[in-house]
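Colleague: coordinates for the following, if possible.
(one chain, ligands or ions: 1)
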Amino acid sequence: MKIAKNVTKLGTELVYDIFAKTKKLQAEGKKIIDLSLGQSAESPPGHVIEATIKALKDGNNGYTVPNGIIECREAVSRKIKSLYNANVSPERIFIMPGGKPTMHYAISFFGEPGAEIIYPDPGFPIYESMINYTGAKAVSYNLTNNNDFKIDANKILTLINEKTRLLILNNPHNPTGSFTEKTEIDKLAKGLLNFPNVAILSDEIYGRLIFEKKEFPTFFNYPDLYDRLIILDGWSKTYAM
Ligand SMILES: Cc1ncc(COP(=O)(O)O)c(C=O)c1O
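Modeller: As a prediction, the model looks like this:
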C-alpha cells in the first residue's frame, strides 16, 4: 500500500492521547480532573437541546446546501450584528462542522510549496500541522519572548514578505490563555493594510470567554480587511455544543 507523501507531514494532537488516557482511568473508577481538552463544564442551553430534538422530529434530516441552511446563516449574521455591530451578509457565512475543518480549508486554500504562512507558537497544533501538510513554509511567531504571551503587532509585521499568503491569529489564545487588547490589534490591523496580498485567519473561538469586562478586539472591527479575512468562530466553547 502506498500512501500520499504529505500525510506523513501531519502532526498529532497530543491532547487526544491524554483525553483517551483520562477516559480509560475514569472507566477504571479513578477520580480524574480532566484538563486535556478545552471542554466546557456546562451543558448546552436548554432551548438549543429542545430545538435540536424538535428539528429531528419535524423531519429536518438529509442534505442541506453546503454552506448551511439560510435560516442558520441569517441567525449568525444577526448575532454578529448584535455582538460586534458589524454587517456581514449571510452569503459570506459558512456553517462548518467545527473549527478544525475551518482551519483545514483555510490553510489548504493558501498553502502550497513556495508559500509562507505565519502562525502562533505555541499555538493550536493543527495550524502548524496543516501548513506542513500543504507544503508551505510554516513561519512561527514566538509568543514566549514576552512574559505575557501577547501578540506583538510590530514583530508579526516584520515576518511578512512577498511569499506570505496567510497570517493566522488566535486571540484569546490557546494554550496560554493570553489576551491581547484592542490597542495592539488595532495597530496590527492598520499595519496589515500595507500588505494587501496577505489573507488573515482570525481564530476567535474563545472570543466570548473574556473576563474583567474587557472589550473583545474582534477582526469584525476592520471592514477594510473583510475581502481577505476569515473569522473562525464556533459554539463548542461558548455554548458547549
Ligand atoms: C484555538 C482553537 N481553535 C479552534 C478550535 C477547534 O474548535 P472545534 O471544537 O469547533 O473544532 C479549538 C479547540 O480546542 C481551539 O482551541
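
Colleague: for the rest of this, base every contact and every neighbour count on C-alpha atoms.
Modeller: OK.

Colleague: secondary structure element for the closest residue to Asp34 other than its chain neighbours?
Modeller: The spatial neighbour of Asp34 that comes closest, neighbours along the chain excluded (C-alpha to C-alpha, 6 or more residues apart in numbering), is Thr22 at 6.6 Å. Using DSSP states H and E, the element containing Thr22 is helix 14-27.

Colleague: need phi/psi at Leu209.
Modeller: As for Leu209, its main-chain torsions (degrees, to the nearest 10) stand at phi -110, psi 70.

Colleague: hmm, it is touching Thr238, no?
Modeller: Yes. Look at Leu209 against Thr238 with C-alpha atoms under 8 Å: they come within range, at 7.1 Å.

Colleague: of these two, who's got more company?
Modeller: Higher neighbour count among Leu209 and Thr238: Thr238, with 17 against 10, using other C-alpha atoms under 10 Å.

Colleague: if I look at Asn87, how far off is Ala51?
Modeller: For Asn87, the distance to Ala51 equals 26 Å [C-alpha to C-alpha, to the nearest Å].

Colleague: beta-bridge partners for the residue nearest the centre of the chain, please?
Modeller: Centroid-nearest residue in the chain, with C-alpha atoms, centre = their mean: Asp203, separated by 3.1 Å. Counting by DSSP bridges, Asp203 is bridged to Asn170, Leu232.

Colleague: who's in contact with it?
Modeller: Ile168, Leu169, Asn170, Asn171, Ile231, Leu232, Asp233 (C-alpha atoms under 8 Å, 6 or more residues apart in numbering).

Colleague: picking that back up, give the next helix or strand downstream of the helix holding Thr22.
Modeller: helix 46-57.

Colleague: quick check: closest non-adjacent residue to Asp152.
Modeller: Leaving aside its chain neighbours, Asp152 sits nearest to Glu184 (7.0 Å; criterion: C-alpha to C-alpha, 6+ apart).

Colleague: mind listing the helices in the chain by residue range?
Modeller: With helices called from DSSP state H, the chain shows them at 14-27, 46-57, 70-84, 99-110, 125-134, 153-158, 182-192.

Colleague: list the buried residues of the last one.
Modeller: Neighbour counts using 16 or more other C-alpha atoms under 10 Å place Lys182, Glu184, Ile185, Asp186, Leu188, Ala189, Leu192 of helix 182-192 among the buried residues.

Colleague: chain center to stretch 2-22, what's the gap?
Modeller: Computed by C-alpha atoms, centre = their mean, to the nearest Å, the chain-centroid distance of stretch 2-22 equals 19 Å.

Colleague: and the ligand, is that stretch touching that?
Modeller: No. Using C-alpha under 6 Å from any ligand atom, stretch 2-22 never reaches the ligand; the gap is at least 9.5 Å.

Colleague: who's in contact with that stretch?
Modeller: 32, 34, 36-37, 125-126, 128-130, 132-135.

Colleague: go again with 10 Å.
Modeller: With C-alpha atoms under 10 Å, 6 or more residues apart in numbering as the test, stretch 2-22 has contacts from 23-28, 30-38, 124-135.

Colleague: just the buried ones among these, please.
Modeller: For the contacts of stretch 2-22, buried by 16+ other C-alpha under 10 Å: Phe124, Pro125, Ile126, Tyr127, Glu128, Ser129, Met130, Ile131, Asn132, Tyr133, Thr134, Gly135.
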